[in-house]
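Colleague: here's my sequence, what's the structure:
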Amino acid sequence: MENILVIGIAGGSGSGKTTLTTRLAEQFPEEVTVIRHDDYYKHYEDLTLEERKLLNYDHPNAFDTELLIRHLMELKQGRPVECPVYDYAVYNRSGRTRTIQPRQVVIVEGILIFENRSLCDLMDIRVFVDTDADIRIIRRIQRDVVERGRSLESVIGQYINTVKPMHEQFVEPSKRNASIIVPEGGCNRVAMQMLLSQVRSHLRGED
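Modeller: Prediction:
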């Protein structure tokens, strides 16, 4: 495939980047494919569940970003990839993969995708979703307790020990690599319309 548009959507945990990604993809179900950095958490087969729970999942070293880069390059060349599938319940890869097909627009989503320069260089548009910390922690608690089966104590402990300090050390500074900063993610109608317009122009061959 030629002239694939790659959009990176980053931001802190609970910022609304997944909502923005989902709403964009829903508008163009046949033309957009999504690849998520979270699925590229490293595989820890030699660690017990309790040991895996203690790992820092908000540090760049927690991700196999090199594999994501290779997969994104394959998609840009028009070739499908086998993406790992992460299982939040066991804090590890599931052992399964899912096939991601190359399409005219590829959205890459994750908290740290702008931290890596080589990954950034593969993106045509880099969107950073900027949301107040209080809102982000509330959303994270709701998501992890309800959707991922975590205890409230574990979510708060992880936020204090790793999420907040890693956000300040890595995620927030990566904002300088963004081409667009969007307050409130998918709830920002003006930003959403701008991105939709960019995608439509690309699909019409106007960029």
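Colleague: what separates stretch 14-25 from the chain centre, distance-wise?
Modeller: Centroid separation for stretch 14-25 versus its chain: 9 Å, with C-alpha atoms, centre = their mean, to the nearest Å.
Colleague: equivalent analysis for stretch 198-207, please.
Modeller: 23 Å.
Colleague: for it, C-alpha coordinates in CSV please.
Modeller: Extracted in CSV, the C-alpha atoms of stretch 198-207 (Å, rounded to 0.1, in the frame of the first residue of the first chain):
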residue,chain,number,x,y,z
GLN,A,198,-7.5,15.4,8.2
VAL,A,199,-8.4,11.8,7.7
ARG,A,200,-11.1,12.6,5.1
SER,A,201,-8.6,14.7,3.2
HIS,A,202,-6.1,11.9,3.2
LEU,A,203,-8.7,9.4,2.0
ARG,A,204,-9.6,11.7,-0.8
GLY,A,205,-5.9,11.9,-1.8
GLU,A,206,-5.7,15.6,-1.0
ASP,A,207,-2.7,15.6,1.3
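Colleague: which residues touch the longest strand anywhere in the chain?
Modeller: For the chain, the longest strand by residue count, based on DSSP state E, is strand 92-100. With contact meaning C-beta atoms under 8 Å, 6 or more residues apart in numbering, strand 92-100 is reached by 33, 35, 41, 43-45, 52, 71, 75, 80-87. Bear in mind the C-beta positions are built from the backbone N, C-alpha and C, glycine included.
Colleague: center of the chain, which residue is that?
Modeller: Nearest to the geometric centre of the chain sits Gly110, at 1.9 Å (C-alpha atoms, centre = their mean).
Colleague: and the residue lying closest to that residue once chain neighbours are set aside, backbone torsions?
Modeller: Spatial nearest neighbour of Gly110, chain neighbours left out: His37 (2.5 Å); criterion: C-beta to C-beta, 6 or more residues apart in numbering. When read as degrees, to the nearest 10, the backbone of His37 gives phi -60, psi -30.
Colleague: what do you get for Asp130?
Modeller: phi -110, psi 110.
Colleague: all set now, cheers.
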